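J.: here you go, sequence then predicted model.
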Amino acid sequence: ETGVTQSPTHLIKTRGQQVTLRCSSQSGHNTVSWYQQALGQGPQFIFQYYREEENGRGNFPPRFSGLQFPNYSSELNVNALELDDSALYLCASSLSPSGRGETQYFGPGTRLLVL
Amino acid sequence: GNSVTQMEGPVTLSEEAFLTINCTYTATGYPSLFWYVQYPGEGLQLLLKATKADDKGSNKGFEATYRKETTSFHLEKGSVQVSDSAVYFCALVDSNYQLIWGAGTKLIIKP
């Protein structure tokens, strides 16, 4: 069974640029969630996708957008990058979006640095 | 709104000491509660969870009990090892399926 994978592992961009991060979910999982983790802090929920539809969104501006594909892999796109977007971006997959204790399995993350 | 508060770190202990990391939460209803662990250089891993009041989650010698009356989910281990050194996160899942996280507690175990 393949776990959650993310690419790239590291990325350096400049302010104003756009970035796309990719995530492959664990086999059999139809739900993907994205999180932003600033250094020394807990993750912050960005959004969740379930069967190719956005299924919930945290307190992030519209320049953070996503996609989920028929194979349940996912992309996170960030436009007009700002310095504060520098963080570790985590993807997690689960069997369903259920809130009753459904375990989320995390990828290793993509570390984004905005200069 | 929903929130999770956990004790600030770092927590430094000697090997074989007893560990408690405090976690309290604020939430509407009865959310499921989780402890995740992040070992150095690795991704987040689920350590244990509890889905209803009085449930006890346990794994790898760690335990936490869902206490509705005190809105707490403290993490405990009777005898820690150097390999337990990591950052521990307490989290809850809200009605919108969002995981709400604490800030994390760094645990350092000295031989």
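T.: Looks like it came in fine. Source: prediction; values computed, not measured.
J.: contacts only, for B:Y36.
T.: Residues in contact with B:Y36 (Cβ atoms under 8 Å, 6 or more residues apart in numbering or on different chains) are A:F106, B:L44, B:Q45, B:L46, B:L47, B:Y88, B:F89, B:A91. Placement of C-beta: from N, CA and C, glycine included.
J.: quick one: strands adjacent to whichever strand or helix holds the last one?
T.: Spelled out, that is B:A91. Using DSSP states H and E, B:A91 sits within strand B:86-93. Applying DSSP bridges to the sheet, strand B:86-93 is found paired with strand B:32-38 (antiparallel), strand B:99-101 (antiparallel), strand B:105-110 (antiparallel).
J.: mean pLDDT for the ones you listed: which is lowest?
T.: Confidence, taken as mean pLDDT, is least for strand B:99-101 of the strands paired with strand B:86-93 (a mean of 90).
J.: quick one, strands of chain B?
T.: With DSSP state E as the criterion, chain B has strands at B:3-6, B:11-14, B:19-21, B:23-26, B:32-38, B:44-50, B:56-59, B:62-65, B:75-77, B:86-93, B:99-101, B:105-110.
J.: of those strands, which shows the lowest average pLDDT?
T.: Across the strands of chain B, strand B:99-101 gives the lowest mean pLDDT, at a mean of 90.
J.: hang on, the earlier thing: quick check: angle from the strand holding B:A91 to strand B:44-50?
T.: 50 degrees (axes from the mean of the first three to the mean of the last three Cα atoms, to 10 degrees).
J.: CA atoms of strand B:86-93 as CSV?
T.: Presented in CSV, the C-alpha positions along strand B:86-93 are these (Å, rounded to 0.1, in the frame of the first residue of the first chain):
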residue,chain,number,x,y,z
ALA,B,86,9.3,14.5,18.9
VAL,B,87,6.7,17.2,18.6
TYR,B,88,3.2,16.2,19.8
PHE,B,89,0.0,17.8,18.6
CYS,B,90,-3.4,17.6,20.1
ALA,B,91,-6.3,18.2,17.6
LEU,B,92,-10.1,17.9,17.3
VAL,B,93,-12.3,17.5,14.2
